[in-house]
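Enquirer: Quick one, structure for this:
(chains A, B and C)
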Amino acid sequence: MANKSILVVGGGISGLTAAVEAAEVGYEVFIVEKNPYLGGRVTQINQYFPKLCPPNCGLEINFQRIKKNPKINFFTLAEVESISGQEGNFDVTVKVNPRYVNENCTGCNKCAEVCPVERSNAFNYGLDKTKAIYLPHEFAFPMKYVIDDQACKGAECGKCAGACEYNAIDLGMQAKTIKLNVGAIVWATGWNPYDANKLSYYGFGRYNNVITNVMMERLAAVNGPTKGKIVRPSDGKEIKSVAFIQCAGSRDENHLKACSSVCCLASLKQATYVREQYPDAEICIYYIDIRARGKYEDFFTKVQEEANITLIKGKAGEVKEDPSTGELIVIAEDQIAQKVIEKKFDLVVLATGMAPTTAEVKIPAEMDYDEDGFVVSGAQTPGIYAAGCVKNPLDVASAVRDATATALKAIQSTVRGQQ
Amino acid sequence: MEKKIAVYICTGCGIGDALDIDALSKVATGEYKVSICKTDGFLCGKDGVELIKKDIEGEGVNTIVIAGCSSRVNYDVFDFGPDKIVERTNLREQVAWCHPAGDEDTQMLAEDYLRMSLAKLKNVNLPEPYQVDDFSKAILVVGGGFTGLNAALESARAGYQTILVEKEAALGGYVGKMYKQVPLKAPFTELEENSIPALIKAVEEAGVKVYTSATIEKTAGAPGMFDVTINQNGSTVQERVGAIVLATGARPYDPGKLGHLGFGQYENVITQAMFEEMAAAGKLEAGKVAFIQCAGSRDKEHLPYCSAACCIESIKQALYVKENNPEANVYIYYKDIRSNGQYEHFYKKAQQEGVIFIKGDVTAITENDGTLTIEADDHTMGTKSEADEFDLVVLANGMVPAAAFGEMLDAAPAQDEAAAAADEPKVSVAPIIKSNMLNLEYRQGPELPSLKYGFPDSHYICFPYETRRTGIYAAGVVRAPMDMLSALEDATGAALKAIQCVEATARGQALHPRSGDMSYPEFNMTRCTQCKRCTEECPFGAINEDEKANPLPNPTRCRRCGTCMGACPERIISFKNYSVPMIGNMVKAIEVPEEIEEKPRILVFACENDAIPALDMAGINRLEYNPWVRIIPVRCLGSLNLIWINDAMARGFDGVLLMGCKHGDDYQCHFMKGSELAEYRLSKISETLNRLGLESERVRATTVNIMDYDKIPAMLDEFAKELEELGPNPMKDFQ
Amino acid sequence: MEQKNNQPVKYDLNFAREIYSLENGSYIKQCMQCGMCAISCATREIMDYSPRRLFNLIKLGKKDEVLEANTMWQCTSCCTCKARCPRGIPIIDVMHDLKKYAIQNGYSDDPRAAFYKAFWAEVASRGKVFEGGVTARYYLIRGLDELKKAFAMKDVGLNMLRHKRMPLLPPKKVKGLGNLKKIIRKAQELERKEAGR
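Expert: As a prediction, the model looks like this:
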């Protein structure tokens, strides 16, 4: 008898959607997520375009759907190690890494109060620090603390274990392996922001005030490192001007060959973050083409109508820093004015694109990838389907649509498996 | 069910330090005569849960009050099965973590919350799922174009009986007439054969029942029991289906309106669709061709939106010309090339084939000696430009959803007329265009409400299949402008949602966003006054009306928001576990101190989805706020019944605050206009308040989104301050 | 580009096709007008048109503007543009093609065209470069007026001689010069064949 359950790898918006949608049809679902929380990259986004609404709102609904549905099981800090078998009957090995905090955790924060060690906060892209034992973020689901074993001093310290009233800390916790048998697999491991260090001419990593678009989301978020205040990372000063550099890596044979689809709208949206906090700030967007497809055009139109937002047709070629002031000079060819222009800014935001996670880590099964590492659609191994940004660079609504579609593909596999 | 209530108070996470637990227990055992009231230092731990389980087994406890953390956490730990009622009293996030420990006000707050929980339980019963007779799991797909065929195929392949209705004699729609199609897979550079013939074959093989030359005359019923009257060539057939996918596509924008681009004036200025037909007929001899992008789209005078597909469609068509004659001269005039995602490869491919791309606005098209001349502003050169001797100019004339054609339904509900007369705020109504596609027998109109530009799209980024007519899912270009790859995914996604609808409905469960909810509204018709508020205000058109204006509920259309319950002035609508008396009891359970005690009371009705989590976040961040507030979660502010406010004010509350979602164009309410309706209702209550000698400022609404938790303390403190300035509610003395 | 008398610029694909048929010319078609080259260029400040604009002019068919431009002559082959071009256009190779095309089509007013010719003639005749020879050939190509400039440079020349940076007499020709010439002839033959293809 073939198995009707579905494994979803990746608990971001695509994975969550595929899992919840399949489970609400009536299928048993397992979610395997490598982070200590579900929600993926959208948890790090401040607002969605074009509505400028908070992702946590939709996530809250999705988490409620998970909480109410006994057919959904999930593993955090987990990774798929191997897949064998075929459509309708896959054996999957999942490695669950130690959280060092067990189910007793009530989320009371006593442990973090006593922890003596700090670590760079990956959730905020290193813009601030947390303790070695930490809650990944305040909306974290599940609401359980976790220990970063790279930072934690372990049993020799043990202060957290001493402070915990609920015996929730297990510094000796070991990784464990789980075996699952499922009928179909949805691979929704998403994307990574393209490494801006590779774009040497933009000075990321050398100049503190050159940041990426994903960092900008954290700077603007009320639960971010600056409590939502957009300031210069170098000195915490308010900003008077900001440049957005589009296609920082995308549409580039040397980096990401595809267009990342979302960056134009993301920058237009981030321009509204800046405008909201700094009504007079000068905002420039350097672009090749503005890709606000469909009804997103309305948002593009709306932002264009704002005062003091300039769109410059011309990819920025170089960023230099004035070391005395920390100001940045962006050099580009303004193609409409037909001249090279140099402009000074307090902050430069690189609209870095989406690199599929499969550019680095492949699916442990026979699958095809395109030149950027995106999974080619159409399952090479029947029963395994990619969903969301691991397949195409997509905005959230499109990723959700794709994940919903993929849920049906997975269901069809289990139906076929029955025959 | 005979309720056997037990109260368990957790003293962990600082609750025990903040409160006098003995005094709190006495609320349960003394005031509410609860026989079992236990405390535990770690209730969510193994021993704590065991303590409860033992009482369930030994004492027959079936109604459990957990006075501890928020229901947003430990939902799984405190799940004792579907036959138990669990009520969570939030003493942690909403009391201990946001109010000073050991304070008299903090204690009063906790005690009130426990009272509210216990009072609430009087009117909470286990829901029984609604069951439909003669239930159908069949899926109906309306529209036999690319999206419709794919939706039908995907549905059939999942094992569901599927019916496809197409108005034309042949299946295939717009795509069916194409010469070739854009690539749908890597490497995204090669033109693909038209997939329609293969799709039609697959649909037939999959056993889809196809009606061509057929239209939907009438769609009656509700999810699980839609009765669809199909008119095929004049004769009618009836089909019972469970859910519907609307895939009626789009039409090209009327080129007759593009006279400024020479259409209608010059024979050789044609549309994308006309060019497809030429290509399919093998007439590709033109040696010099121009494609003009955004012919109508991105133009305030025509279609303000971008039609999404035209750039890659024109690239494809340019490649037809090049494929046929590599020496042909092909120009594409564009604003921005929108070859999103991997279609960037397709753009580059066209460039490599020698297609010339010009970023420019076409200013004039003229004809000279039988060839066409194009004048344009070439933006990247900064010059005016001219190109002549074109044999053909193809306008990329965009798309208009099929749902946009037809007369606008004159909604004008009674409330609006009255409101207009009184110059009061109105509740916006989503426009319905009589496009003759579904002909729904719905009180609120015959088609899906449209969102903008006639597209019956979802308003939600996270939930693109959110629909305002449960069980009916729009897919493809009728829903939103999109390219074929998106339409393919959309078709499959909509098929999933349709399947999910029939499965959930069969189980008697609600669909998104209250997925799995088994409660549904029940109407006590003896007291109905036929005021039509419920039938008008239901955001999902769930309630029909008979000729005497009696409401005819359709529980499988219902999404359980409670808007009808809030609307009903006679309070005849209740859910098993959510009702006017239930909240009323909670309001009444709150102790309102006498004026002399100088402890005002503020009642807050907060939306469960956004405001309640935001309040939890305030707690998690240990943000302190006003201890006079008493918070009651509501499913949606749309379910707010004014009687609660009346009761509260009559009981001496000093103020009432509604915390709901943002409304307006970018509304965030997941039931469309709950917060807007609540504000509308508030506008009605000011008169009553004035009659009672109360200032209308005592009752107000505010919008809170889930990330506004940092603003909540100030919001509440300010309101409290303003109430203090108004002085105490004089009704206190009448208690 | 200068617009004369506000008359619209007329696109002419024939010139574009000729350029696209050069060895690396077809890469120009891939240009998506991003402007990265314009900024990467070390000599951008003295170029008439950035490579992007030059490619655009080619597309328009503005033969004179393209071939009279100093753009390709200013290119120092530093390779930055080629390394950074998002469309992978080997811009310096395109510039070499354009220089050659310009010379072949009689657009050799730029002093560097003369220098290229002089350098080439020197190599072809000797198999190596003799600075004195290149200089002489250069000024002969440039004409008598330019000779005045040569006198202005005499101090530089003398200094170089003094510091043995430049030999006074021509060095010996390379061994097997005949074979070298054969190789060159063969290469030119091949090139002609390819061009005619």
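
Enquirer: Next, the contact list for C:Tyr27, please.
Expert: C:87-90, C:93-94 (C-beta atoms under 8 Å, 6 or more residues apart in numbering or on different chains). Using the backbone N, CA and C atoms, a C-beta is placed for each residue, glycine as well.

Enquirer: domains of the chain?
Expert: Answering for chain A, as no chain was given. A:6-97+A:175-192+A:355-418, A:110-163, A:195-352 (automatic domain parsing).

Enquirer: Correction: the question concerned chain C.
Expert: C:4-104, C:111-196.

Enquirer: Of the domains of chain A, which stretch is the most buried?
Expert: Highest mean neighbour count among the domains of chain A (mean count of other C-beta atoms under 10 Å in any protein chain shown): domain A:6-97+A:175-192+A:355-418, with a mean of 23.

Enquirer: Next one: it, is it in contact with chain C?
Expert: No: Domain A:6-97+A:175-192+A:355-418 stays clear of chain C (C-beta under 8 Å from any C-beta of the partner chain), getting no nearer than 12.0 Å.

Enquirer: What's the mean pLDDT across that domain?
Expert: Taken as a whole, domain A:6-97+A:175-192+A:355-418 has a mean pLDDT of 96.

Enquirer: can you tell me which residues contact the residue of the stretch 1-150 of chain A found nearest chain C?
Expert: Residue nearest to chain C within the stretch 1-150 of chain A: A:Phe49 (23.2 Å; C-beta to the nearest C-beta). By C-beta under 8 Å, 6+ apart, A:Phe49 lies in contact with A:265-266, A:268-269, A:296, A:299, A:395.

Enquirer: Pull the most distant pair out of the residues you listed.
Expert: A:Leu268 and A:Asp395 (12.2 Å; C-beta to C-beta).

Enquirer: Which strand or helix spans the residue of the stretch 301-419 of chain A found nearest chain C?
Expert: For the stretch 301-419 of chain A, the residue closest to chain C is A:Gly317, as judged by C-beta to the nearest C-beta, at 2.1 Å. Element membership of A:Gly317, judged by DSSP states H and E, is strand A:316-322.

Enquirer: Can that strand be said to contact chain B?
Expert: No: Strand A:316-322 is not in contact with chain B by C-beta under 8 Å from any C-beta; minimum separation 15.7 Å.

Enquirer: After that strand, which helix or strand is next?
Expert: strand A:327-334.

Enquirer: what are the pairing partners of whichever helix or strand comes after that following strand, and which direction each?
Expert: Downstream of strand A:327-334, the first helix or strand assigned by DSSP H and E is strand A:339-345. Strand A:339-345 has the following strand partners under DSSP bridges: strand A:327-334 (antiparallel).

Enquirer: contact partners of the partner strand?
Expert: A:203, A:207, A:209-210, A:243, A:245, A:284, A:286, A:312-322, A:339-348, C:35, C:38-39, C:50, C:52.

Enquirer: Please repeat the previous calculation with a cut-off of 7 Å.
Expert: Residues outside strand A:327-334 that contact it (C-beta atoms under 7 Å, 6 or more residues apart in numbering or on different chains): A:207, A:209-210, A:243, A:286, A:312-322, A:340-346, A:348, C:35, C:38-39, C:50, C:52.

Enquirer: do stretch A:223-242 as well
Expert: A:124, A:127-128, A:137-138, A:208-209, A:211, A:218-222, A:273-274, A:277-278, A:281-283, A:326, A:345-347, A:349.

Enquirer: Pull up the residues of the stretch 251-400 of chain B that are close to chain C.
Expert: B:329, B:348, B:351-352, B:354, B:356, B:359, B:375, B:380-387 (C-beta under 7 Å from any C-beta of the partner chain).

Enquirer: Tell me which of these fall in helices.
Expert: Among those, the residues falling in helices (DSSP state H) are B:348, B:351-352.

Enquirer: in the stretch 301-419 of chain A, which spans are helices?
Expert: Along the stretch 301-419 of chain A, counting by DSSP state H, counting those that start in this stretch, helices occupy A:396-418.

Enquirer: Which element, helix or strand, includes the spatially closest residue to B:Cys561 that is not a sequence neighbour?
Expert: Nearest residue to B:Cys561 in three dimensions, chain neighbours excluded: B:Phe671, at 3.8 Å (C-beta to C-beta, 6 or more residues apart in numbering or on different chains). Under the criterion DSSP H and E, no helix or strand holds B:Phe671.

Enquirer: contacting residues for B:Phe671?
Expert: B:Phe671 touches B:539, B:559, B:561, B:563, B:636, B:638, counting by C-beta under 7 Å, 6+ apart.

Enquirer: what's the helix or strand for the residue in the stretch 101-250 of chain A that chain B sits nearest to?
Expert: With C-beta to the nearest C-beta, the shortest gap between the stretch 101-250 of chain A and chain B falls at A:Cys108, namely 4.4 Å. Taking DSSP H and E as the definition, A:Cys108 sits outside all helices and strands.

Enquirer: dump the residue contacts of it.
Expert: B:13-14.

Enquirer: Roughly how far does it sit from A:Gly39?
Expert: Noted for A:Cys108: a distance of 22 Å to A:Gly39, by C-beta to C-beta, to the nearest Å.

Enquirer: where does chain C dip in pLDDT?
Expert: For chain C, residues meeting the criterion pLDDT under 70 lie at C:1-6, C:195-197.

Enquirer: of all the residues in it, which ones are close to chain B?
Expert: Counting by C-beta under 7 Å from any C-beta, chain C sits next to chain B at C:1, C:3, C:8-11, C:13, C:29-30, C:33, C:56, C:59-60, C:87.

Enquirer: The same query, at a cut-off of 6 Å, please.
Expert: Proximity of chain C to chain B (C-beta under 6 Å from any C-beta of the partner chain) is limited to residues C:1, C:3, C:8-11, C:13, C:29-30, C:33, C:56, C:59.

Enquirer: in the sheet, who's paired with the closest residue to A:Cys389 other than its chain neighbours?
Expert: Nearest non-adjacent residue to A:Cys389, counting by C-beta to C-beta, 6+ apart: A:Trp191, 4.2 Å away. With DSSP bridges as the criterion, A:Trp191 is bridged to A:Pro356.

Enquirer: rewinding a little: what mean pLDDT would you report for the strand holding A:Gly317?
Expert: 97.

Enquirer: Distance from the chain centre to it, please.
Expert: 27 Å (C-alpha atoms, centre = their mean, to the nearest Å).

Enquirer: and that strand, which strands flank it?
Expert: For strand A:316-322, pairing defined by DSSP bridges yields strand A:327-334 (antiparallel).

Enquirer: List the residues that contact the spatially most central residue of chain B.
Expert: What sits nearest the mean C-alpha location of chain B, by C-alpha atoms, centre = their mean, is B:Glu466, with 4.3 Å. B:Glu466 makes contacts with B:458, B:460, as judged by C-beta atoms under 6 Å, 6 or more residues apart in numbering or on different chains.

Enquirer: which SS state does it fall under?
Expert: When classified by DSSP: H, G, I helix; E, B strand; the rest coil, B:Glu466 comes out as coil.

Enquirer: Longest helix in chain C, please.
Expert: helix C:177-196.

Enquirer: If you count neighbours, what's buried in that helix?
Expert: C:Leu180 (16 or more other C-beta atoms under 10 Å in any protein chain shown).

Enquirer: Output that helix as CSV, nothing but the C-alphas.
Expert: Extracted in CSV, the C-alpha atoms of helix C:177-196 (Å, rounded to 0.1, in the frame of the first residue of the first chain):
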residue,chain,number,x,y,z
LEU,C,177,61.1,37.1,-41.5
GLY,C,178,60.0,35.5,-44.7
ASN,C,179,58.1,32.9,-42.7
LEU,C,180,56.5,35.6,-40.6
LYS,C,181,55.3,37.4,-43.6
LYS,C,182,53.9,34.1,-44.9
ILE,C,183,52.0,33.7,-41.7
ILE,C,184,50.6,37.2,-41.9
ARG,C,185,49.6,36.7,-45.5
LYS,C,186,47.9,33.5,-44.7
ALA,C,187,46.1,35.1,-41.8
GLN,C,188,44.9,37.9,-44.0
GLU,C,189,43.8,35.5,-46.6
LEU,C,190,41.7,33.6,-44.0
GLU,C,191,40.3,36.8,-42.7
ARG,C,192,39.2,37.9,-46.1
LYS,C,193,37.6,34.5,-46.6
GLU,C,194,35.7,34.8,-43.4
ALA,C,195,34.6,38.3,-44.1
GLY,C,196,33.3,37.2,-47.5
